[in-house]
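Q: Below: sequence and its predicted model.
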Amino acid sequence: MTSRTLKTSLLALLMALPVNLALAEVTASFSYPLSNFEGPVLSQWAKLAVDSERNEIYALHQRKNDIRIFDEHGMEIFVFAEGLGSAADIAIGDDGDIFLLTRGYQTSAVHLLNFRGEEVAEISLQNVPSTFSKFAADRLVHRNNSLYLVDSDSMRVLVVDEAGRFETSYDLSREIKPFIPREDRQRELSINSWRKKTLEDIALNGFTVDNEGNFFFTVPVLFSAFKLSPRGELRRFGKSGSGKGKFGVVSGIATDDKGYIYVSDRLRSVVLVFDRKLMFQTEFGYRGNQPSNLIVPDDLAIDSLGNVYVGQAANRGVSVFKVVHQEASPPLVGETMKNNQGQSSRMTEERVSDRPEFAVDQGNDLASANSGDTGGNAEAVESQRKEVNQDE
């Protein structure tokens, strides 16, 4: 084949390729810390919940035994601190109801509070399987008129309605079993090298449910985040590492109304952002003493205005970041043709010059740039078991 024929063939092939959309961009910038008239409100790993109807943020300070409410500008508007001694988590209903989770030894309870923080009723769990007799939830999520109670240690989820009536349950430790390394590799799971992890030792940290009913949760010892769909498909994403887009010690997880997923990393002190295809997009925070930095971030919450709330350690309080999504848009036809011609010219020159470095396998580089096990590299399995039967 002559050089001219090769050029013509390559140009025709490139012109026939479909036009790709420009990639959507995600940017995040620090806004402010949650504050009152005395300055930033200090707290240690506050538990966060958003009242989406009013764009108010609730911060439960377990050490101070109080709950503080902030408006959409991050200013404190109310505080209540009665009867919160064993409070573990907080969730806000669609109509503004406040659900408070308290935890004792092998027990937990859900309380309904009014807007002043006064208890209206303790929600009694009804028709719960006997296997949950020692269930001690430490996470609480409200979604679509249901309450999701999570025991992080056992990785079990109990779903009840707002009146406490049993709906269904999940055992996430069974769901992730296909991703557990064989016994001879268990030691690799341990953060402390002298401790040997077993399946019973593996616990989740962050947990949330999106509006479509997908579960998202993190398992730090596996350096992974997971998505469990209502159809029972389980996908793992994330890869261990210290570079951009990689997981150190994953913690909190949250989703926004555009389907983006946010994962906090305690070790790297960043919040990582993934799209709905589980592809890494960006990260923000980074360890440091500046206001825009984070120190061991943990719980996350997101309001309808695109504000991401991040609870952190070192008594740093809650930092607020503004996230902006720039939607993808197709390039102009003229620009596309010009780019294709330029690409074809470069490819033809490289082919004619017959340089050996032209044939390069970029798969590993691309995977690393997109945080390893993300997107096309994410692993998926069908759920082995979604509901724990009452007769079990």
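A: Received, thanks.

Q: Next, count neighbours for residue 105.
A: Burial of residue 105, expressed as a neighbour count using other C-beta atoms under 10 Å, amounts to 6. Every residue, glycine included, has its C-beta placed from N, CA and C.

Q: Would you mind measuring from the closest residue in space to it that isn't next to it in sequence to residue 249?
A: Spatial nearest neighbour of residue 105, excluding adjacent residues (C-beta to C-beta, 6 or more residues apart in numbering): residue 136 at 7.5 Å. Taking C-beta to C-beta, to the nearest Å as the measure, residue 136 falls 23 Å from residue 249.

Q: any weak-confidence spans in this structure?
A: Within the chain, the segments meeting pLDDT under 70 span 1-24, 83, 182-200, 327-377, 382-392.

Q: need the next SSE after the one helix or strand residue 149 maps to, C-terminal direction.
A: Secondary structure assignment for residue 149, by DSSP states H and E: strand 146-151. Remark: after strand 146-151, the chain's next helix or strand is strand 156-161, criterion DSSP H and E.

Q: ok, now which ones touch the residue nearest to residue 105?
A: By C-beta atoms under 8 Å, 6 or more residues apart in numbering, the residues touching residue 136 are 103, 104, 105, 106, 107, 108, 151, 153.

Q: Would you mind confirming that the fourth one makes contact with residue 134?
A: Just to be clear, that refers to residue 106. Yes - counting by C-beta atoms under 8 Å, residue 134 is a contact partner of residue 106 at 4.6 Å.

Q: Spell out, range by range, the helices that occur in this protein.
A: Assigned by DSSP state H, the chain shows helices spanning 3-16, 172-175, 333-353, 363-369.

Q: Please tell me how far the residue nearest to residue 105 sits from residue 150.
A: 10 Å.

Q: now residue 158, nearest residue through space, not along the chain?
A: Sequence neighbours aside, residue 149 is the residue nearest to residue 158 in space, at 4.5 Å (criterion: C-beta to C-beta, 6+ apart).

Q: which residues does the one you found contact?
A: Neighbouring residues of residue 149 by C-beta under 8 Å, 6+ apart: 101, 108, 110, 135, 137, 139, 140, 157, 158, 159, 160.

Q: Apply 10 Å and report the result again.
A: 89, 91, 101, 108-110, 125, 128, 132, 135-141, 156-160, 169 (C-beta atoms under 10 Å, 6 or more residues apart in numbering).

Q: Overlap in contacts, residue 136 and residue 150.
A: Common neighbours of residue 136 and residue 150 (C-beta under 10 Å, 6+ apart) are 108, 156.

Q: In space, what's closest to residue 121 - neighbours in sequence excluded?
A: residue 112 is the one closest to residue 121 (C-beta to C-beta, 6+ apart), at 4.9 Å.

Q: Next one: the one you found from residue 31, what distance?
A: Distance from residue 112 to residue 31, counting by C-beta to C-beta: 32 Å.

Q: where's residue 204 relative to residue 250, distance?
A: 10 Å.

Q: nope, residue 63 is what I was after
A: As defined by C-beta to C-beta, residue 63 lies at a distance of 23 Å from residue 250.

Q: out of these two, which sits in the more crowded spot?
A: Ranked by neighbour count (other C-beta under 10 Å), residue 63 and residue 250 place residue 250 first, with 27 against 10.

Q: For the residue most central in space within the chain, which non-adjacent residue is closest in space?
A: Residue closest to the average C-alpha location in the chain (C-alpha atoms, centre = their mean): residue 253, at 2.7 Å. Leaving aside its chain neighbours, residue 253 sits nearest to residue 206 (3.7 Å; criterion: C-beta to C-beta, 6+ apart).

Q: Next up, phi/psi of the one you found, please.
A: Phi and psi for residue 206, reported as degrees, to the nearest 10, are phi -80, psi 150.
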